[in-house]
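Asks: Structure for this input, please:
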Amino acid sequence: MAMSSLQWSAVVVLAAVGFFYINDPRSFQSSLAGLFSKVGIAEVRHVQLYYNVTVRDNSGNEQNFLYNHTVEAARIAAALKDPSSRLELTKEITTPHIPEMLAAKHWKCAVCKMDATMLLLHPLPDHLMLDPPLLKDFGGVAVCGSDSCQDSAGGMMYSLYDDVMKASGMEVPDDGGIVEVY
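Replies: The predicted structure follows:
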């Protein structure tokens, strides 16, 4: 949707007003929110979302990765309510980091010990409601490209996840609570 001339004028005025409020940021934020609501511009709030994963293989390699993303707060709220929004946000956060994680070490397949060419990621969106939100991966597993190794490694992760959930007295969600991202 294009901004009206009134909205553009408001942006120009805000830039000028911001200069005078530089020593009083709270007053500027209050003025900004008020002006936005008067001209029909919704304020977009962003939050920091952390993605944490430890990748392992079957040869003793292990490395922890922590990534920081700036995300619209409304997307986090939508992900908490809607499974398809949760899957979309999870893939958007995790997928771009796969090449970096694969290049970090000489990973071996967790099943057959051949060179790994992909990662099975199991990000759990259970901690998105925290402040700051956290996307904690249940465990990244390095695997080769064979279907049997992928199936075997995925099955081991699901089994381990079920055992952990049951041991902690928590109910395992119908969808397993795990989103696989390759």
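Asks: hang on, S159 in a helix?
Replies: Yes: under DSSP: H, G, I helix; E, B strand; the rest coil, S159 sits within a helix.
Asks: Checking the closest residue in space to T117 that isn't next to it in sequence next. Helix, strand or coil?
Replies: Setting aside the residues directly before and after it, T117 is nearest to G145 in space (Cβ to Cβ, 6 or more residues apart in numbering), at 4.8 Å. Every C-beta, even on glycine, is put in place using the N, C-alpha and C of the backbone. At G145 the chain is in coil, as set by three-state DSSP.
Asks: shouldn't G145 be in contact with D115?
Replies: No: between G145 and D115 there is no contact, the gap being 9.6 Å when judged by Cβ atoms under 8 Å.
Asks: related to what we said a few turns ago, the residue nearest to T117: neighbour count?
Replies: Per other Cβ atoms under 10 Å, the neighbour tally for G145 reads 13.
Asks: Look up how far L102 lies from it.
Replies: With the distance defined as Cβ to Cβ, to the nearest Å, G145 ends up 12 Å from L102.
Asks: shared neighbours of the two, which are they?
Replies: With contacts defined as Cβ atoms under 8 Å, 6 or more residues apart in numbering, the residues adjacent to both G145 and L102 are T117, M118.
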